[in-house]
Each structure stands twice: as structure tokens, then as C-alpha cells.
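> Predicted model follows, preceded by the sequence.
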Amino acid sequence: MKTGPDQRKKKQIKKDLKNQDLKNKNMVNQDKTIVVAISGASGSIYGVRLLKELIESGCRVLIILSHAGQKVLAHEMGYDPGSSFLLFLEEYGVELGRGIVPEIFLQDEIASAPASGSFIHHGMAVVPCSMKTLSAVASGYADNLITRSCDVGLKEKRPLVLVPRETPFGLIHLANMTRAARAGAVILPPIPSFYSFPATIEELVDTVVARIMDHLGVVNALGRRWRS
Ligand SMILES: Cc1cc2nc3c(=O)[nH]c(=O)nc-3n(C[C@H](O)[C@H](O)[C@H](O)COP(=O)(O)O)c2cc1C
């Protein structure tokens, strides 16, 4: 293996470029406020990795957890619903110190900021989105903070990304997706891509997270883009 001065210089340049890239990304995203809801479908890792990327890239993030979402987080990722979700994120490896500390709400906190159209944000994602939450969004049944925030986002014409997870989809699910899409939501199912040769579950998940971030308008350098 070559380790001469030229190699070291090249390595240093690569490192500097990466740091500069991170700095630029944080500067661009600093003025972005994003709402992320985690509902009770399988695939909570998609929501957690999205949070990691948004927080570390400098966004202000408001997190809403449904009761079922907390249960699935506990089952799939070892989250203890009795303890702090911030602590869980930190233990998962989210570098909270690199960004703004996120605000966390439970589904019953219906009087919180994102429940009102007067609260300005740059987009919301429900990741993963259960069929129940999808159905509520599709029919305007705004009975908790997640479904109310989605409802408000649609009427205010803000980006709303739903990441519905179920398989197979039944006709009711498909009809609800069509209805939500017609109302302005982006239906982005967690279908990973393989052309960047992901080697770990995290890399596979991040192929979806990158597309969610694109639709939220958040600058990211996750994964490779096809032929660019
Ligand atoms: C471990 C586990 C996995 C689940 N996976 C799914 C799923 O993939 N999709 C789905 O629509 N519901 C799934 N459910 C059922 C939802 O959690 C349930 O319908 C719940 O009422 C959804 O509530 P929420 O939309 O308020 O979070 C799952 C439940 C559990 C406990």
C-alpha cells in the first residue's frame, strides 16, 4: 500500500473536501424546519435514520410519535417508551451536538405548534406511515397531532411525504394512497434501490431516506446518485 507524501496529501484534500461539504450542507439546511412523524408501521429504522440525517445536517426538527409508533420502536429498535426519545436517538448514534436539539411530541399533544397552519415549516414526512394513519390523512380525520399536522400541511400546500408500509397493499390502501396523492401528498413507499450496491441494512435504508430528503427539499449527500 502506498503511504508516501503524495498519498497523504491526497487523503488530506479528500478529508478537507468532506468537511467543507458538511459545513456547506449545514449552512444551506440551517433555515429549514421539518416535521417528522413516526407511526406504528413496521420499519421504524427509516424514521430514525431520517431523523439522524436531518438533525446532523442542521435542520430544526419537530418529532411526533404515535402510541403504536412507540410500540414498534420498542419492538424493532429496543426503544424504552418510558424513557427519553432524545436519549434513545443519542444512543443510536445521532450526533445531537452537530445541530439543533429536536422537539418531541406525542400524538395527544394536539395543541402543539404543527397542529396550526400558522406555524411555518418546510415540509412533513410520516415515516413509516401505517395504513391507519394513511386512511386518516386520506379522509381528513384529524384526530391526533400526526393526522392534524398532515391535514394542515395539505391545506397550506406544504410538502407532505407519506412512507406507507404494508404488504401486499389491499384495494382500500391503494385507494387511500390515490386520494392522499390527489390532495397533494407524495406517496413514497420504503422500496430501497440496489444500484449503489448497499452493503448494510443502514445503507439500504438510506437509499430511501435520501429520496425522502430530496422531496423535503433538504440538501443531502446520502448515497450515490445515478450517473452524477
Ligand atoms: C410490530 C408491529 C408491526 C406493525 N406493522 C404494521 C405495518 O407494517 N403496517 C401497518 O399499517 N400497520 C402495522 N402495525 C399495526 C399498527 O401499529 C396499528 O394499525 C396502529 O393502530 C397504527 O396506529 P398509528 O397509525 O396511530 O400509529 C404493526 C403493529 C405492530 C405492533
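Great, that's in hand. Numbering: from 1, shown residues only.

> residues from this structure in reach of the ligand?
39-42, 66, 68-69, 71-72, 75, 130-133, 165-166 (C-beta under 6 Å from any ligand atom). Quick note: C-beta positions are derived from backbone N, CA and C, even for glycine.

> List the residues that contact the residue of the chain found nearest the ligand.
Of all residues in the chain, Gly40 sits closest to the ligand, at 2.7 Å by C-beta to the nearest ligand atom. By C-beta atoms under 8 Å, 6 or more residues apart in numbering, the contact list for Gly40 reads Ser66, His67, Ala68, Gly69, Lys71, Val72, Ser130, Lys132, Thr133.

> now Val208
By C-beta under 8 Å, 6+ apart, the contact set of Val208 is Tyr46, Val163, Leu188, Pro190, Ile191, Pro192.

> Tell me, how many residues neighbour the last one?
Read that as Pro192. Using other C-beta atoms under 10 Å, Pro192 has 16 neighbouring residues.

> mind listing what the residue nearest to Ser57 when sequence neighbours are not counted touches?
Of all residues not flanking Ser57 in the chain, Asn29 sits nearest, at 4.8 Å (C-beta to C-beta, 6 or more residues apart in numbering). Applying C-beta under 8 Å, 6+ apart to Asn29 gives the contacts Leu54, Ser57, Gly58, Cys59, Val218, Val219.

> One more pass at 7 Å, please.
Going by C-beta atoms under 7 Å, 6 or more residues apart in numbering, Asn29 touches Ser57, Gly58, Cys59, Val218, Val219.

> among the contacts of Gly40, which are in strands?
For the contacts of Gly40, not one is inside strands, with DSSP state E as the criterion.

> Tell me which stretches of the protein form strands.
Under the criterion DSSP E, the chain contains strands at 33-38, 60-65, 103-106, 123-129, 160-164, 186-187.

> mind listing what's buried in the third one?
The one in question is strand 103-106. The neighbour-count check on strand 103-106 (16 or more other C-beta atoms under 10 Å) flags Phe105, Leu106 as buried.

> can you give me the helices for this protein?
Along the chain, the stretches classed as helices by DSSP state H are 5-29, 44-56, 67-77, 85-92, 131-139, 145-155, 171-182, 201-216.

> mind listing what's buried in the third one?
Neighbour-count burial for helix 67-77, with 16+ other C-beta under 10 Å as criterion, is recorded at Ala68, Gly69, Gln70, Val72, Leu73.
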